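Sharing a model that was predicted from the sequence below.
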Amino acid sequence: MGKIAAVIFDMDGVIIDSEPIHYRVNQRLFKELGLDISKKEYSEFIGCSNNDMWRILKDRYNLQESIEELIKHQIEENIRYLDHNKEKPITGIVGLLEKLKADNFKIGLASSSPIKYIVRVLKEFAIEEYFDVKVSGEELARSKPNPDIYIKAARLLDEPEEKCIVIEDSYHGVTAAKKAGMKCIGFKNANSGKQDISGADLIVDSIEDINPGLF
């Protein structure tokens, strides 16, 4: 793949198998709001920021709550879930982070999730120390599939985009990485829905299949 200096991870669906969690939590929130959201409709929001999801749903269903109120409630429910359920990182993540750190790669995280939830997940898995930078989609005006989040991560890592490789599991994420001018590994997470990650430079069935020696 050429000389890679930095590896940037998506979080949801790559570090934590979060889509089943988000689905359960969000379905509960949808029910409270009187919404009947099908799995097909919900799948369009995988890889999007919470802000984008609620903006679309607010317009589509004329919700009276503000986007800020909806997001705040959603984050609280996601964190409450983690507080009462023991989750583990996706198989292979810890080993990959250890290898990358040992080989002196810079490591970043670029997630559409709010920073409060990002920090909670990384602390839960005791892996926060591996990441040199963390970027949340809530910090940016445009979320994935726009490239802004990956461009910002590269800038914070002090590396040009062409020296960065991204690990993603969603169509929006892969699209964002490629628009940013980065290499991308697509991880086929069955729980992320039928995501089209064909635009990735390499597709793997398991995080354990990723070999930093090939970077």
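Arrived safely. Model, not experiment: these values are computed from the prediction. Numbers count the residues shown, from 1 in each chain.

Please count neighbours and contacts with C-alpha atoms only from this point.
Fine.

Please pull up the helix or strand immediately following the worst-scoring helix or strand of the chain on mean pLDDT.
Lowest on mean pLDDT, DSSP states H and E among the helices and strands of the chain sits helix 39-43, with a mean of 87. Where DSSP states H and E defines the elements, the next helix or strand beyond helix 39-43 is helix 50-61.

Toward the C-terminus, what is the element adjacent to that following helix?
Downstream of helix 50-61 (by DSSP H and E), the next one is helix 67-84.

Tell me what angle that next one forms with helix 50-61.
120 degrees (axes from the mean of the first three to the mean of the last three CA atoms, to 10 degrees).

buried set for the helix or strand immediately after helix 67-84 in the chain?
Downstream of helix 67-84, the first helix or strand assigned by DSSP H and E is helix 93-102. By 16 or more other CA atoms under 10 Å, the buried positions in helix 93-102 come out as 93-94, 96-97, 100.

what's the offset of helix 93-102 from the middle of its chain?
18 Å (CA atoms, centre = their mean, to the nearest Å).

got it, and stretch 113-133?
12 Å.

Restricting to C-alpha, output that stretch in PDB.
This file holds the C-alpha atoms of stretch 113-133, laid out as PDB (Å, rounded to 0.1, in the frame of the first residue of the first chain):
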ATOM      1  CA  SER A 113     -20.200   9.700  17.800                       C
ATOM      2  CA  PRO A 114     -20.100  12.400  20.400                       C
ATOM      3  CA  ILE A 115     -16.800  12.800  22.300                       C
ATOM      4  CA  LYS A 116     -18.500  11.900  25.600                       C
ATOM      5  CA  TYR A 117     -19.500   8.500  24.300                       C
ATOM      6  CA  ILE A 118     -16.100   8.000  22.500                       C
ATOM      7  CA  VAL A 119     -14.200   8.600  25.800                       C
ATOM      8  CA  ARG A 120     -16.600   6.300  27.700                       C
ATOM      9  CA  VAL A 121     -16.100   3.400  25.200                       C
ATOM     10  CA  LEU A 122     -12.300   3.800  25.200                       C
ATOM     11  CA  LYS A 123     -12.100   3.900  29.000                       C
ATOM     12  CA  GLU A 124     -14.400   0.900  29.200                       C
ATOM     13  CA  PHE A 125     -12.000  -1.100  27.100                       C
ATOM     14  CA  ALA A 126      -8.900   0.400  28.700                       C
ATOM     15  CA  ILE A 127      -7.500   1.400  25.300                       C
ATOM     16  CA  GLU A 128      -7.600   5.200  25.500                       C
ATOM     17  CA  GLU A 129      -3.800   5.400  25.900                       C
ATOM     18  CA  TYR A 130      -3.200   4.000  22.400                       C
ATOM     19  CA  PHE A 131      -4.800   6.900  20.600                       C
ATOM     20  CA  ASP A 132      -2.700  10.000  19.800                       C
ATOM     21  CA  VAL A 133      -5.800  12.000  18.700                       C
END
